[in-house]
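*Asks:* sequence first, predicted coordinates after that:
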Amino acid sequence: MDLLVVLSFEALKAVASLALISVGLAIIFGMMRVINLAHGEFLMLGGYAAIVATKAGVNIWVATLLVSPLVVGLFGVVIERTIIRFLYGRPRDTMLATWGLSLFLVGLATTVFGNTTEGISAPAGSLQIGDYRIAAYSLIIIVIAIAVFAAIWAVFRFTRYGLIARSTMQNADMAAALGVNPSRVYAVTFGVGAGLAGLAGGVMAPITGIVPTIGAAYVAKAFITVIGGGPAILAGTVSASVLFGAIDQIITYLSTPVIGEVALLAAAVVLLRFMPQGITGRFFRRAA
Amino acid sequence: MTANWQGNGGLVAATVLGLVLLLALPQIVDPVMMIELTSYVIMAILALSLGLIWGYGGILCFGQSAFFGIGAYAYAIAVINFGDSTIPLLLSIVVPGLFAALLGYFLFYARITDVYFGVITLTVTLILYKVMGATSGSQYVIGAAPLGGYNGIPAVPPLNLPGRPDVALSFDGLFYLSGLTLLAVYVGLRLMLKSRFGQVVVAIRENERRAELLGYDARFYKLATFAIGGAIAGLAGCLFANWGMFISPDVFGLAQSAQVIIWVIVGGTGTLLGPIVGCFAIQWIATKLGAQQLLNANLVLGTILIGFVLLVPKGVVPTVSDALRRLKFRPYVAPLVEQRRVP
């Protein structure tokens, strides 16, 4: 019984982490049809921001939950203004340019921080469940993921920015005719997506540690989740995270983490064979 | 098709030039540089394979290094087991070709968009990197070949005369073999693109729906192009395993995949010469960067990639040849179909 609780807790944590590292990518892709290949490096920057801030004496919660998303979000706005905005409507070139950005950032981080693993220790201790002990920080990740998704849903559903953003993505010309500046909406939306990537990077930093090349460890999973999820941002990310997170965790429990990732990829390829538009291309079509 | 230098005359001239370079370079270049040059030639074969499927097939493959690495591993594992290199050489072409066909079946027949295709192929190579990296330990052995995890497989036996394992290929021999292979792949692809099959492939790139309405199954043609590209990349991988006598999961890494993309985009998509030129230029720059400590290589390569996408999206070879044509014929002549950039 205790084992079952621990296992389902671990599975929940896997789903939450997957959703958290994917949601920034999902917003940028879902709203703007831009595949950001530098997503992993945005996570990496978020991690470094948290570590640098913590080492400078900032409270660790402020560092991971505020400094990381703000720094990376602002960086995202700058990138949108200097690179991405020239490439709208050219998805291939956008991917290539963001890949270039990804290499650039890895090189930059290596130059600045060196090719060593930096880390901060995870706050909070451990929880006792029967004979097992689990890290309390895992519980915090689950809570943060739920809070982030609730906040995104509320922002897009209830705020003026959310309404303007959704309308711009549906029909930019019409929104512009009604007095909205689409260019500014794109910049803000890209910044929001980047900021969420930064937040995920900051939250994951105490668990994984940060190296300049850590982005590569995240991107594969994040891409599969977003593509498997399909057009609806929140419903897609959540449903794909649940499906792939569960597959990953079950196979990992039965064999090794690497085989778990292979199973995740194989599941995604087979899923796309039958649902080329992703899960929400077929189900939950009207979800946000 | 109309310009003369693109006809058979140009092909013969290119072949002769290639042969002359192949014979002359070892005489005038010093031995240390020859080692570098041999790797450039091998990588140029890999660049050509992506030049085919991206530039002519219109298939956005971000994971070409997956087939390169599979070819290298297939050769290394088989040659350690068999001793004689004839069958391993064939396997290094067939195995990645089949893998490309299997992956392509799922992706092309689902008709997913090219952006998804790029992401999935990239993911495949990243996961292969992790899988091969996780094979350290004595339980991961195929026949007599230990896989070795991130440390890779050392002491890969070189190619030998068919049936004569005692007559191994020398290092000079590897340069000649690689050069001849590059030339043969180049000529073979030029002829293939002139054939009916090649014309259909280009037609699908230009307008997939129109080609399908004319009765061509775009999925099949894309699948075939992809498999051919995978097989060529695998052959390059086999030569690469010979070059270093060593193979490790790094061939599947993000850096390797990015390099191939950069070669093709710098040289120019929609040409066969472009990927070769881009490959030599970028590798030369990478070698120079490796020799100094000031600038990180990723920093420079990333800047080059962003710069080319924003400023020279057609790549060097099409841009230069367009400019030349404009000088030659004063009234502007529309670019040839073959040289048009993939949208």
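*Replies:* Here it is on my side, so go on.

*Asks:* all helices for the stretch 51-200 of chain A, in order.
*Replies:* With DSSP state H, counting those that start in this stretch as the criterion, the stretch 51-200 of chain A has helices at A:60-62, A:68-82, A:91-113, A:136-158, A:160-170, A:172-177, A:182-208.

*Asks:* what's the most buried one of those helices?
*Replies:* Between the helices of the stretch 51-200 of chain A, helix A:182-208 has the highest mean count of neighbours, a mean of 24, where neighbours are mean count of other C-beta atoms under 10 Å in any protein chain shown. (C-beta placed from N, C-alpha, C; glycine too.)

*Asks:* tell me what that helix is packed against?
*Replies:* Counting contacts by 3 or more C-beta pairs under 8 Å, 6 or more residues apart in numbering or on different chains; DSSP states H and E, helix A:182-208 packs against helix A:2-32, helix A:39-55, helix A:68-82, helix A:136-158, helix A:160-170, helix A:172-177.

*Asks:* what angle sits between the fifth one and helix A:182-208?
*Replies:* Spelled out, that is helix A:160-170. If you take axes from the mean of the first three to the mean of the last three C-alpha atoms, to 10 degrees, helix A:160-170 sits at 110 degrees to helix A:182-208.

*Asks:* quick one: list the elements packing against helix A:160-170.
*Replies:* Here helix A:160-170 is seen to pack against helix A:2-32, helix A:136-158, helix A:172-177, helix A:182-208 when contacts are counted using 3+ C-beta pairs under 8 Å, 6+ apart.

*Asks:* hmm, 6 Å instead?
*Replies:* Taking 3 or more C-beta pairs under 6 Å, 6 or more residues apart in numbering or on different chains; DSSP states H and E as contact, the helices and strands that helix A:160-170 lies on are helix A:182-208.

*Asks:* run the chain-centre distance for the helix it packs on.
*Replies:* Computed by C-alpha atoms, centre = their mean, to the nearest Å, the separation of helix A:182-208 from the middle of its chain amounts to 8 Å.

*Asks:* and if you look at stretch B:99-119?
*Replies:* Averaging C-alpha positions (C-alpha atoms, centre = their mean) puts stretch B:99-119 19 Å from its chain's average.

*Asks:* and it, is it in reach of chain A?
*Replies:* Yes. Using C-beta under 6 Å from any C-beta of the partner chain, a contact is recorded between stretch B:99-119 and chain A, made by B:Phe106, B:Ala110, B:Arg111, B:Ile112, B:Val115, B:Tyr116, B:Gly118, B:Val119.

*Asks:* stretch B:220-230 too?
*Replies:* No. Contact between stretch B:220-230 and chain A, assessed by C-beta under 6 Å from any C-beta, is absent, since the two come no nearer than 13.4 Å.

*Asks:* contacts for that stretch, please.
*Replies:* With C-beta atoms under 6 Å, 6 or more residues apart in numbering or on different chains as the contact definition, stretch B:220-230 has outside contacts at B:49, B:52-53, B:57, B:59, B:67, B:96-97, B:100-101, B:104, B:108, B:200-201, B:204.

*Asks:* picking up where we left off before, okay, and which of the residues of stretch B:99-119 next to chain A map to helices?
*Replies:* B:Phe106, B:Val115, B:Tyr116, B:Gly118, B:Val119 (DSSP state H).

*Asks:* okay if I get those as a markdown table plus neighbour count and pLDDT?
*Replies:* Compiled in a markdown table, those are given as follows (neighbours: other C-beta atoms under 10 Å in any protein chain shown; pLDDT from 0 to 100):
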| residue | neighbour count | pLDDT |
| --- | --- | --- |
| B:Phe106 | 17 | 88 |
| B:Val115 | 18 | 82 |
| B:Tyr116 | 21 | 83 |
| B:Gly118 | 25 | 89 |
| B:Val119 | 26 | 86 |
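
*Asks:* max pairwise distance over these: which two?
*Replies:* Put simply, by C-beta to C-beta the two of those set farthest apart are B:Phe106 and B:Val115, 16.4 Å from each other.

*Asks:* what's the helix or strand for B:Asp166?
*Replies:* Under DSSP states H and E, the secondary-structure element containing B:Asp166 is strand B:164-168.

*Asks:* on contacts alone, who are the packing partners of that strand?
*Replies:* Using 3+ C-beta pairs under 6 Å, 6+ apart as the contact definition, the elements that strand B:164-168 packs against are strand B:160-161.
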